[in-house]
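Participant: Fold the following.
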Amino acid sequence: MSDQSPLLQIEDLHVEVGEKEILKGLDLTINRGEVHALMGPNGSGKSTLSNALMGHPRYTVTCGRILLDGKDILEMSADERARAGMFLAFQYPTAIPGVSVLNFLRASLKAMRGGEVPAREFRQAVREQMKTLKIDDSFMTRYVNDGFSGGEKKRFEALQMALIKPVIAILDETDSGLDIDALRIVAEGVDRMAGPERGILIITHYQRILNYIRPDFVHVLVNGQIVRSGGEELAHTLEEQGYDWITRDAPEEQEVLVNG
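Facilitator: Next up, the predicted model:
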């Protein structure tokens, strides 16, 4: 853990989708070097938070602030937030037929660095990370997420993170749809990326990914608000007892939210 100034500060965040309020005053601070896990039942607002952090136009922030290194990012577009060091691993990555993995990665690094990456440096970095993530060389000529299995999609996102090296990585249910082997490989890749210079927010339903990526803090989101925080022991308690014992004490009756 780190004692530096906060890397990501979310203050009294209210978010609407259409005219429905999903997040209802969420506060969360992530420092450099910290791994936070955000857990909660379906419809609690977890994916809404990830989309709002990255500036998805469908999600309207009606109140509050999001600060990255002390700078309010709410006026930034999604690509500006990405260049500032934010990365979102999607729950359901989108296929991009016609765009090869190799070209996608090269364009991503160029956008992040503001210029072309030397070919030799690029090839070496890609090969090293592919070997670590057990990705076959033929992967590079395939189209982005087109026909990929769930495990391949998540490994590709882990590969992107390893190359881009964001300052804050948001993993929206990265464990969704993964078998045990794929989960372990992806989680170990994310764990290697963790370090004193960046923060990680893991959004998940289940404790199992936290067997590989040990969080410093665990938060429980219910009905658009964080209702409980603790250490990794909180995730184990949720695994054993479910969410009922927390939702009974939530400020309002749990609702089914849009894309929560």
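Participant: Just the terminal-to-terminal distance for stretch 31-38.
Facilitator: Stretch 31-38 has its terminal residues 15 Å apart, counting by Cα to Cα, to the nearest Å.
Participant: whoops, I mixed them up, stretch 30-47
Facilitator: One end of stretch 30-47 sits 18 Å from the other (Cα to Cα).
Participant: May I see the buried residues of it?
Facilitator: 30-41, 43-47 (16 or more other Cβ atoms under 10 Å). C-beta coordinates here come from the backbone N, C-alpha and C atoms, glycine included.
Participant: Just the strands from the stretch 151-260 of the chain, written as ranges.
Facilitator: 168-172, 199-204, 217-222, 225-230 (DSSP state E, counting those that start in this stretch).
Participant: Columns distance to Phe87 on top of the ones you listed, output as a markdown table?
Facilitator: Converted to a markdown table, those look like this (distance: least, Cβ to Cβ, whole Å):
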| stretch | distance to Phe87 |
| --- | --- |
| strand 168-172 | 5 |
| strand 199-204 | 10 |
| strand 217-222 | 20 |
| strand 225-230 | 22 |
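Participant: Read off the pLDDT value for the nearest residue to Arg142 once chain neighbours are set aside.
Facilitator: Distances taken as Cβ to Cβ, 6 or more residues apart in numbering place Val101 nearest to Arg142, at 5.7 Å, with adjacent residues excluded. Per-residue confidence (pLDDT) for Val101: 95.
Participant: contacting residues for Val101?
Facilitator: Contacts for Val101 (Cβ atoms under 8 Å, 6 or more residues apart in numbering) come out as 139-144, 156.
Participant: Could you report the neighbour count for Ala187?
Facilitator: 23 (other Cβ atoms under 10 Å).
Participant: Let me see the confidence value for it.
Facilitator: pLDDT, read off for Ala187, is 83.
Participant: How many residues are close by the nearest residue to it once chain neighbours are set aside?
Facilitator: Sequence neighbours aside, Tyr212 is the residue nearest to Ala187 in space, at 3.4 Å (criterion: Cβ to Cβ, 6+ apart). Neighbour count for Tyr212, taken as other Cβ under 10 Å: 16.
Participant: heads up, I number from 213, so please use that
Facilitator: Fine by me, first position is 213 from now on; the one you just mentioned is Tyr424.
Participant: Hmm, Leu300 is touching Ile380, no?
Facilitator: No - using Cβ atoms under 8 Å, Leu300 is not in contact with Ile380; the gap is 9.6 Å.
Participant: Confirm for me that Leu314 is in contact with Met352.
Facilitator: Yes - applying Cβ under 8 Å as the test, Leu314 and Met352 come out as touching, 4.3 Å apart.
Participant: Wasn't Gly359 part of a strand?
Facilitator: No - secondary structure of Gly359 (DSSP: H, G, I helix; E, B strand; the rest coil): coil, not part of a strand.
Participant: Over to it: give its phi and psi.
Facilitator: phi 80, psi 10 (degrees, to the nearest 10).
Participant: Can you report how many residues lie near the nearest residue to it once chain neighbours are set aside?
Facilitator: Of all residues not flanking Gly359 in the chain, Ala307 sits nearest, at 7.7 Å (Cβ to Cβ, 6+ apart). When neighbours are counted by other Cβ under 10 Å, Ala307 registers 12.
Participant: Thanks again, I'm all set now.
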